[in-house]
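J.: With the sequence up front, the predicted model follows.
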Amino acid sequence: MNAPTGSVRAILALFVLAAIFLAIQYLPLGTWPHPVAVDDYTNVGSSIADMSTRWKRPVSANLIFFFAHYAPVSSYAFMAALAVLNAAMVLWLLARVFAVRVPLAVVVAFGLVTFSHVSAFSHATFLGLLTNLISHFFGLVSLLALWVGWQAGHARWFAVALLAFGLSAFAKEDFLLPPLLFVALLVVQRRGTGVAPGPMRWTVAAALLVIAVGSLAWHAFDRNPFVAGLFSPETSPAPYVVDFSASGLSRSFWRLLVEFAPWSCAVAAVGWVAMFARLPERRLALLWVAAVVLALVLPYAIIPRTIVPPRVYAWLPWLVGIGAVAWAAMHMALPARRRLASSWAVLALALLVAWLQWPPRMAPVAEYVKQVGQNRATVQTLLAHREDLVQHPVVGLVGLSESGGPWCAQDAFYVNSKLGFQAQRWLVFVPAPTRCYTQQPRSVVRKQGINIGVEDLATLCDYGDLPVLEYQPDGTGRLRRASEFCAAGR
């Protein structure tokens, strides 16, 4: 039987990684994800009617709206596909740069270590991270196209690289440096057998730089909080205050690398040192990988108030990937009779790392399962009374959870557009304004208006026959009239 071609191996690796991702992320849940956080409901409540070039991150925003138009399941499927594709593309790129063939056992090991990390779980369940995934997807397409274009000398691949980088830069601003670093590597290595003249390659490098600078200028002009703090720190929102001090950066890098991903960092360090010692001709590429990881961490290291474990997935496949290609390089150098033992060894090591990463992961998983149950119940309660509620233009809400939900810190996009309450206005009664329930300003971009009002709970009984859904902490509830709260002394 003939050995599979490179394309067949790549497709097989993608399917293997997808199977591992789905098993690790969703089997512990026992169910498909459900909206929980504010960003979840904002995303799944969107539609193609919201598509516009006026969004701060127009590429990611419009892709999110496109997939959210059909059903929440399409948003989560889109997210899962991107999470798998991004990891696979990192592995494909590293295999090409280091000129190794990654055996299936190493692909499986790569998937086990990468997807068992807690940050991978967040990228399967929290739709607010779609902007990161979209930006990195197009950025990685740009890197792969640059590699092919540099080797073959075909201008069409350079065009693909520039287009993909432009889409990445206007999806989010956290993947601007890796393509520039990659071009630097390719220039210094002087590799490539194609016919593209030197001026074409320098033109591509200059165009990448123009796109990166243009993206930063656009986001600064548009007051994107992620970028604006770089140029005018005094006007930056509190979560995005920048810190360029040596002590601040060192603490941030330590947390984002060693503290949040200790085992992946160990895998990367061992693989990097082993290749540096045994493959001197690849040392420049190893320095490039280290620079890419630091460049991916940097945008988050400078804003220490937003440092959380989910950020790690941006560079996690790179850390695990360098360990994978190092093992693959050593595997290729072994005699045929010893390769089976090598395959079993790498799988055993991957299972050990996955087991070590599992306990820190299970607390967020358990909390998410609890919140999903509460939010499903909240929605089911609403749907159970839909026939009665749609008869009234205004509906009251009492007892809503502060941990999230369809009405928390947003308009009723999800409820009104996806659950069949197109004409309803919702009044949320609370003792005092809270993080979740305070009057929201009208969006200047969305075509949907504000359909939520926030009222003082003390005034509830003054609303007479207003239908009111009274919720319990677990998301269950009953339908009452506002006047009944007076009779109950509420």
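T.: Okay, I see it. Residues are numbered from 1 along each chain as shown.

J.: which intervals of this protein have sub-threshold pLDDT?
T.: For the chain, the stretches with pLDDT under 70 are 1-6, 190-198, 220-239, 441-450, 487-490.

J.: could you pull out the strands for it?
T.: Listed in chain order, the strands found in the chain under DSSP state E are 394-398, 425-430, 452-456, 467-471, 477-481.

J.: quick one: which of those strands is nearest His136?
T.: Nearest to His136 among the strands of the chain is strand 452-456; the distance by Cβ to Cβ comes to 33.7 Å. C-betas here are computed from N, CA, C, even on glycine.

J.: The residue nearest to Ser215 when sequence neighbours are not counted: neighbouring residues, count only.
T.: Distances taken as Cβ to Cβ, 6 or more residues apart in numbering put Ala169 closest to Ser215, at 3.7 Å, once the chain neighbours are dropped. If you count neighbours by other Cβ atoms under 10 Å, Ala169 ends up with 28.

J.: ok, now the one 4 residues further on?
T.: Burial measure for Glu173: 22 neighbouring residues, criterion other Cβ under 10 Å.

J.: With Ala246 instead?
T.: Neighbours around Ala246, by other Cβ under 10 Å: 7.

J.: and it, what is it in contact with?
T.: Contacts here follow Cβ atoms under 8 Å, 6 or more residues apart in numbering; on that basis Ala246 touches nothing.

J.: Distance check, it against Pro28.
T.: 41 Å (Cβ to Cβ, to the nearest Å).

J.: tell me the contacts of the residue nearest to Val258 when sequence neighbours are not counted?
T.: Once flanking residues are discounted, Val258 sits nearest to Cys265: 5.5 Å by Cβ to Cβ, 6+ apart. Residues near Cys265 by Cβ under 8 Å, 6+ apart: 257-258, 319.

J.: now do Ser142
T.: Neighbouring residues of Ser142 by Cβ under 8 Å, 6+ apart: 160-162, 164-165, 168, 179.

J.: Next one: the residue lying closest to Leu286 once chain neighbours are set aside from Asp243, what distance?
T.: Spatial nearest neighbour of Leu286, excluding adjacent residues (Cβ to Cβ, 6+ apart): Phe276 at 5.4 Å. To Asp243, Phe276 is 31 Å away according to Cβ to Cβ.

J.: what's the answer for Gln439, then?
T.: Gln439 is 33 Å from Asp243, by Cβ to Cβ.

J.: and what of Arg283?
T.: To Asp243, Arg283 is 32 Å away according to Cβ to Cβ.

J.: ditto for Ala161
T.: Taken as Cβ to Cβ, the span from Ala161 to Asp243 is 33 Å.

J.: okay, these two: which has more neighbours?
T.: Ala161 (26 against 16).

J.: Quick check: the more buried one touching Phe182?
T.: No. Judged on Cβ atoms under 8 Å, Ala161 makes no contact with Phe182 at a distance of 9.4 Å.

J.: Now for Val267: which residues touch it?
T.: Contacts of Val267 (Cβ under 8 Å, 6+ apart): 113, 319-320, 323, 353.

J.: which among the contacts of Cys265 gets closest to Ala18?
T.: Leu319 (20.5 Å).

J.: surely that closest one meets Ala261?
T.: Yes. Applying Cβ under 8 Å, one finds Leu319 in contact with Ala261, separated by 6.5 Å.

J.: Leaving out sequence neighbours, find the closest residue to Ala184.
T.: Closest to Ala184 by Cβ to Cβ, 6+ apart is Trp288, at 7.7 Å.

J.: ditto for Arg156
T.: The spatially closest residue to Arg156, leaving aside those adjacent along the chain, is Gly149, at 7.9 Å (Cβ to Cβ, 6+ apart).

J.: same deal with Trp263?
T.: Val353 (4.8 Å).

J.: now swap in Ala274 and tell me
T.: Using Cβ to Cβ, 6+ apart, the closest residue to Ala274 is Ala326 (5.2 Å).

J.: you'd agree Gln25 is up against Tyr76?
T.: No. If you go by Cβ under 8 Å, Gln25 and Tyr76 don't touch, sitting 10.1 Å apart.
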